[in-house]
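In: Sequence first, then the predicted structure:
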Amino acid sequence: MNIQNHSYPILIFQYASILSLAAPIGVLWILWKMGLDNDIPFLEVLNALIKEAPQSLLYMLIFIIISLSLWNIRLHITESKIYYSVLGIPTLWSIKREDISSSRFNAKYDPPYYYIKRNLTRFNTPESEQQFNFRQGTVQFIFIEKNLGNSLRQRFALIQLGSFSKNYTDQIVNDLKQHWDLNTKV
């Protein structure tokens, strides 16, 4: 199977996006409620706010821009590189296929919640641990050259599958198995 460019939204950033919209929506709801209680149209209350505190509108716009940016952070997996993009613009940082010897699941790099969950879960078979890895494990990339730069890149190159929707984790694991030599053995 030849993949061109699979793009995966990151669920944790989408939740953060929704939370960052809470402030502007809350302010607008309070203004609407104040106008409703005093029989003043919402637009009049909004115009008064803009006259008295124009920076509040700027803050609301900033929150909306942050929210849009967070919502549109994506992980891209191609045959030759893995990278992130924000609003469709690729970040400067990427992992190139020629720099990597293999990839594997490594519990050492799990985020705290999944690390604790892994230690509290009793895996009866290797398949049950493998299933946990496929849903919530952390993928580590092994760089060919061992140097300080690659050791730092390795920390940034982790893919934490718990950060993605369950709909996408299987696709990500399949892409990594096919093109990035993901070792799934436990």
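Out: Done, it's in.

In: Name the surrounding residues that touch stretch 137-150.
Out: Stretch 137-150 has contacts (Cβ atoms under 8 Å, 6 or more residues apart in numbering) with 95, 99-107, 109-111, 114, 153-154, 157-162, 176, 180, 182. Using the backbone N, CA and C atoms, a C-beta is placed for each residue, glycine as well.

In: Which of the residues you listed are buried, as a ChimeraX select command?
Out: The following ChimeraX line selects those of the contacts of stretch 137-150 that are buried, judged by 16 or more other Cβ atoms under 10 Å:
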select :95,99,100,103,104,105,107,109,110,114,153,154,157,159,160,161,162,176,180,182
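
In: who touches the nearest residue to L49 once chain neighbours are set aside in this structure?
Out: Closest residue in space to L49, ignoring its immediate chain neighbours: S56 at 6.0 Å, by Cβ to Cβ, 6 or more residues apart in numbering. The contact partners of S56, by Cβ under 8 Å, 6+ apart, come to 27, 49-50.

In: Quick check: W71 touching I12?
Out: No: counting by Cβ atoms under 8 Å, W71 stays clear of I12, with 11.6 Å between them.

In: Phi and psi next, for P111.
Out: Backbone torsions of P111, given as degrees, to the nearest 10, read phi -60, psi 160.

In: any idea how far W29 is from L43?
Out: From L43 over to W29 the distance is 15 Å, taken as Cβ to Cβ, to the nearest Å.
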